[in-house]
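> 3D, please:
(one chain, ligands or ions: 1)
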Amino acid sequence: MSTLFIADTHLGGEHPAISRRFVEFIDNEAPTAEALYILGDLFEVWIGDDAVQDEHRAALQALRRLSDTGVPTYLLHGNRDFLLGQGFEALTGCQLIQEPVVIDLYGTRTLLLHGDTLCSDDVDYQKMRSQLRNPAWQQQFLSASIEQRLAIANQYRSESRSRIREKPDAIMDVNRDTVIETMRAHGVTRLIHGHTHRPAVHDLEIDGQPAQRIVLGDWYSQNSSLKCDASGCYLNHSNED
Ligand code: MN
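Now for the predicted structure:
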């Protein structure tokens, strides 16, 4: 048996081909696993469980089918879909898990994160993150009309695009010391995350112990997924279309 991991599918109306590939993956590949973990940014934008957009329906229905076949699907929030809540769980049968999460993955303690908290050099981003994760801000946002919420979300997205263009590449990757400190604090030798869209398996050493940081890629072009079983973890990515 195996466990599957994906992240950063960024499903939304702008890339219908990604949604089709996602539905294929959920219908064909995911049912062979004993569990599926989605490590954040499943959706490009999620403005609240009460405001499901038509472009999300096929993916939500696919997740429901997977849950109905008995494959547990766990999902942690990314920086795009941090408002996924109980309504989403009820609709899909997925279980939201709050990062940091440590699981026993075939005998190896493994830390799961979206990955944005590791990008500690990006001070602006971390400031914005604490605002967006503030319960008072979220409550106020959710009390706005759907049209207002969409407008605010689009504004955030265009601001974040222009900020990203101005930033050097290294700032938007993880900070090595933050990775080591985080893994040490959780007593793990394996970390799996997404967010940076830089798929790779990094071998590390922490306090003399071999350790591994596995980074999932995105689905814009990488179709990234990770399959782990008792023999190890295998990162797959292909560059289709
Ligand atoms: Mn992200």
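> low-confidence ranges in this protein?
The chain contains residues with pLDDT under 70 at 239-241.
> near the ion, which residues of it?
By CB under 5 Å from the ion, the residues of the chain that approach the ion are 41, 78, 79, 195. In short, each C-beta sits where N, CA and C put it, glycine included.
> same thing but at 6 Å, please
Contact residues (CB under 6 Å from the ion) of the chain with the ion: 8, 40, 41, 78, 79, 114, 116, 195.
> Among those residues, find me the one that's closest to residue 141.
Proximity of the residues of the chain next to the ion to residue 141 was ranked by CB to CB; the top entry is residue 79 with 14.5 Å.
> hang on, the closest one in a strand?
No. Residue 79 is assigned coil when assessed by DSSP: H, G, I helix; E, B strand; the rest coil, not a strand.
> That one reaches residue 116, doesn't it?
Yes. Here residue 79 lies in contact with residue 116, judged by CB atoms under 8 Å, at a distance of 5.0 Å.
> Quick check: neighbours shared by these two?
Common neighbours of residue 79 and residue 116, using CB atoms under 8 Å, 6 or more residues apart in numbering, are 40, 129, 195.
> Most neighbours of all those, which one?
Compared across the shared contacts of residue 79 and residue 116, residue 40 has the highest neighbour count, 28 neighbours, by other CB atoms under 10 Å.
> how near is it to residue 63?
According to CB to CB, to the nearest Å, residue 40 stands 15 Å off from residue 63.
> likewise residue 219?
15 Å.
> go on, residue 6?
Going from residue 6 to residue 63 by CB to CB gives 12 Å.
> Helices of this structure, start to end?
Remark: helices assigned in the chain by DSSP state H are 16-24, 57-68, 86-92, 123-132, 135-142, 146-166, 176-185.
> Residue 25: neighbour count?
19.
> Quick check, it in contact with residue 225.
Yes. Between residue 25 and residue 225 there is a contact under CB under 8 Å: 7.2 Å.
> Grab the nearest non-local neighbour of residue 180.
Nearest residue to residue 180 in three dimensions, chain neighbours excluded: residue 206, at 5.8 Å (CB to CB, 6 or more residues apart in numbering).
> next one: residue 29
Closest to residue 29 by CB to CB, 6+ apart is residue 4, at 7.1 Å.
> for residue 109, what are its contacts?
Neighbouring residues of residue 109 by CB under 8 Å, 6+ apart: 102, 103, 186, 187, 188, 189, 190.
> hmm, back to that, reformat the helices of the chain as CSV; add distance to residue 36.
Below are those laid out as CSV (distance: least, CB to CB, whole Å):
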stretch, distance to residue 36
helix 16-24, 12
helix 57-68, 7
helix 86-92, 11
helix 123-132, 26
helix 135-142, 26
helix 146-166, 26
helix 176-185, 23
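> coming back round to it: more neighbours, residue 79 and residue 116?
Using other CB under 10 Å as the criterion, residue 79 and residue 116 rank with residue 116 on top: 25 against 20.
> unless I'm mixing things up, the more buried one is touching residue 80, no?
No. Counting by CB under 8 Å, residue 116 sits too far from residue 80 to count as a contact (10.0 Å).
> Identify the contacts common to the two.
With CB under 8 Å, 6+ apart as the test, residue 116 and residue 80 both reach residue 40.
> separation between residue 97 and residue 114?
Relative to residue 114, and taking CB to CB, residue 97 is found at 11 Å.
> if I look at these two, which residues touch both of them?
Residues touching both residue 97 and residue 114 (CB under 8 Å, 6+ apart) are residue 76.
> more crowded one of these two?
Set residue 97 next to residue 114 and count neighbours by other CB under 10 Å: residue 114 wins out with 24 against 16.
> Report the contact partners of that one.
If you count contacts by CB under 8 Å, 6+ apart, residue 114 has them with 7, 39, 40, 41, 76, 77, 78, 79, 99, 193, 194, 195.
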